[in-house]
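Enquirer: Below are the sequence and a predicted model for it; my questions follow.
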Amino acid sequence: MKLSVNPNDKTPIYRQLYEQIASQVLSGTLQPGEALPPIRTVSKELGVSMITVRSAWDELIRDGYLLSRTGSGCFVAPISEANRQGKVSEKLSAAIDETVAAAKALGVGADELCEPVLNTRRAYTNRRGRRPPRPGSIKITGRFPVLFCFLFIGEKGAVKKVCHSEPQAKNL
């Protein structure tokens, strides 16, 4: 398990740890039943308080990513595919919300916001030898549910995000 913290980041350290472990669980890097290192060890290696690490672990347990076994430590909890997809969708939706809010604050329109995303997706698909997606849609496949997002600029400049998520890919 690879963890790092950035004390200069505005995100609290316990939240940085939480996000890293949650992402590793959702991506399959950490497998169900895999033991996490003791809190004291993580605290010492990262140079942070044991209370900080304990806060991250407690939140991960509460949210169903970890299980605590008295006297044995913490282990990665088994997560059903439906639950995993739901958690991934939540994380993606939160990232999209942040991006839309940042774009709105900068006065960026929908076309300007979508273009870098589509260019990044085109570059990614071209590296993998696949055709890029058609403009106006974003298709994320693999371990993620299919996610289609459309951004609209209203008459008064309000950005409206419309997303549709499906468990299986469909042709566009």
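Expert: Sure, I can see it.
Enquirer: got the phi/psi numbers for the residue nearest to Pro38 when sequence neighbours are not counted?
Expert: Spatial nearest neighbour of Pro38, excluding adjacent residues (CB to CB, 6 or more residues apart in numbering): Gly73 at 6.0 Å. For glycine as for every other residue, the C-beta is placed from the backbone atoms N, C-alpha and C. When read as degrees, to the nearest 10, the backbone of Gly73 gives phi 110, psi -160.
Enquirer: and if you look at Ala77?
Expert: As for Ala77, its main-chain torsions (degrees, to the nearest 10) stand at phi -80, psi 150.
Enquirer: start at 13 instead
Expert: That works, and once the first residue is 13, the last one we named lands at Ala89.
Enquirer: Just confirm it contacts Arg81, I think it does.
Expert: No - counting by CB atoms under 8 Å, Ala89 sits too far from Arg81 to count as a contact (11.0 Å).
Enquirer: Neighbour count: those two, which is higher?
Expert: The residue with more neighbours, out of Ala89 and Arg81, is Ala89; 17 against 9, by other CB atoms under 10 Å.
Enquirer: Once you drop chain neighbours, what's closest to that one?
Expert: Nearest in space to Ala89, with sequence neighbours left out and distances taken as CB to CB, 6+ apart, is Leu79 at 4.7 Å.
Enquirer: Residues in contact with whichever strand or helix holds the one you found: which ones?
Expert: Per DSSP states H and E: Leu79 is located in strand 78-81. Contacts to strand 78-81, defined as CB atoms under 8 Å, 6 or more residues apart in numbering, come from residues 33, 48, 69, 72-73, 86-89.
Enquirer: From these, which land in helices?
Expert: Of these, the ones assigned to helices by DSSP state H are 33, 69, 72-73.
Enquirer: Quickly name whichever of these is closest to Glu102.
Expert: Nearest to Glu102, judged by CB to CB, of those is Leu72 at 14.8 Å.
Enquirer: Bridged to the nearest residue to the closest one once chain neighbours are set aside, which residues?
Expert: For Leu72, ignoring the flanking residues on the chain, the nearest one in space by CB to CB, 6+ apart is Leu78 at 4.4 Å. With DSSP bridges applied, Leu78 shows beta-bridge pairing to Val88.
Enquirer: Need the per-residue pLDDT for Leu78.
Expert: On the pLDDT scale, Leu78 is placed at 95.
Enquirer: For it, give its distance to Asn20.
Expert: 27 Å (CB to CB, to the nearest Å).
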